[in-house]
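**Student:** could you work out the structure for the sequence below:
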Amino acid sequence: MAPRSFLFGAQKFDLRHAIMLAGFAVLLIVPLFGDAYLVRIASRIVVLSMVAVSLDILLGYGGLISFGHAMFLGSGGYVVGVLAFFGVENGFVAYPAAILLSVTLAALVGLIVLRTVGVYFIMITLAFAQMLYYLANAIRIGEDYGGDEGLPLSRRSPLFGILNFDDPAVFHYFALAVLLAILFVSYKLVHSRFGRVIEACRDNERRAKSLGYDTFRYRLVAFMISGGIAGLAGAMHMNLQKFVSPDELHWIISGDLLIMVIVGGANSLIGPIIGTSVFVLLEEGISNYTEHWMAIFGPLLILVVLFGRRGIYGLIRPRGEGGGEGR
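**Tutor:** Numbers count the residues shown, from 1 in each chain. Sure, this is the predicted structure:
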């Protein structure tokens with residue numbers, strides 16, 4: 001049996017793989033054009049793809065529809081902002097701190113929300129995210145920072161002076177390397193025994209319990225891993241924008257992330273990246289002509305849901321190949 005591909009999980013190269021490799025090639029060469037605007041868009045796609053992949057671990061593989069995933073994105077960003085305010089700008093401190101806080105937050109929230117299912121899970125994750133949103137609006141640091149005005153970042157978190165992240169191209173390539181590392185770790189995770197149990201919990205939790213698996217514990221660990229990845233992405237998103245505000249925690253951001261995963265294709269690691277790319281490119285392109293760009297994007301989402309239940313990734317899958325990426 002031929003080995004599976006790390007990025008695609010398929011046994012032979014096809015048109016779908018060629019399209020995906022072309023996409024990664026574009027992300028690689030964009031900085032070579034020297035256009036700061038294009039580099040910023042590409043970096044935004046890369047960073048938001050990290051969050052989308054983290055959400056897909058819950059949604060696509062775990063069957064958990066979280067409407068509060070923005071709480072981890074925002075918390076990671078706020079860690080960087082608060083540390084920078086107090087003079088701690090080193091990335092070797094800020095990034096691990098963002099991951100640690102997000103994992104801890106995911107553990108605490110998961111202990112409560114994972115005791116619910118269906119619409120109750122959706123509403124409770126939404127409630128937790130909104131609680132943090134209003135908390136971020138209420139807390140101020142000094143007289144000029146925090147609250148609804150957010151926190152600025154004077155410079156991107158350096159890594160002991162090794163990498164100059166104030167150069168957009170350097171930051172972009174670092175973010176792309178982090179995304180590839182996240183894809184590799186996620187691939188190993190979903191194809192491991194742990195990943196198979198998570199999928200079993202999604203398909204038939206009662207049967208998984210009857211086989212002796214502690215489904216609550218497995219889902220909690222998956223929730224924590226997903227939160228940690230989103231927290232890291234939040235820290236990088238803060239560095240990209242050099243600003244974080246309570247809006248990062250709002251339920252609208254969580255909704256956007258769900259759209260990215262659904263449009264691209266859940267239960268695959270490449271699908272969320274496709275969805276993020278389509279979302280960001282349409283937002284940047286259409287918003288230049290109208291602020292009501294979602295009115296145009298909405299019908300696309302409806303068409304994808306009606307005719308491609310596995311998203312764009314599913315539409316370009318070769319005929320006869322079923323299941324998700326990991327199948």
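**Student:** please, where are all the strands along the protein?
**Tutor:** Along the chain, counting by DSSP state E, strands occupy 140-141, 145-146, 151-152, 243-244.
**Student:** can I get these in TSV with mean pLDDT and mean neighbour count?
**Tutor:** Using the backbone N, CA and C atoms, a C-beta is placed for each residue, glycine as well. Listed next are the strands of the chain as TSV, based on pLDDT from 0 to 100; neighbours: other C-beta atoms under 10 Å:
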stretch	mean pLDDT	mean neighbour count
strand 140-141	78	12
strand 145-146	74	18
strand 151-152	88	18
strand 243-244	90	22
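**Student:** geometric centre of this protein: which residue is closest?
**Tutor:** With distances taken as C-alpha atoms, centre = their mean, Val51 lies nearest the centre of the chain, 0.9 Å away.
**Student:** and the gap between it and Asn267?
**Tutor:** Per C-beta to C-beta, to the nearest Å, Val51 is found 17 Å from Asn267.
**Student:** and if you look at Gly228?
**Tutor:** 21 Å.
**Student:** go on, Ile302?
**Tutor:** Distance of Ile302 to Asn267, computed by C-beta to C-beta: 20 Å.
**Student:** so between the two, which is more surrounded?
**Tutor:** Using other C-beta atoms under 10 Å, the more surrounded residue of Ile302 and Asn267 is Asn267, with 24 against 10.
**Student:** what's in contact with the lowest-mean-pLDDT helix or strand in the chain?
**Tutor:** Here the helix or strand of the chain ranked lowest by mean pLDDT, DSSP states H and E is strand 145-146, holding a mean of 74. For strand 145-146, contacts defined as C-beta atoms under 8 Å, 6 or more residues apart in numbering pick out 85, 136, 139-140, 151-152.
**Student:** then stretch 169-180?
**Tutor:** With C-beta under 8 Å, 6+ apart, stretch 169-180 has contacts from 27-28, 30-31, 39, 42-43, 46-47, 49-50, 53, 156, 163-165, 232, 236, 239-240, 273.
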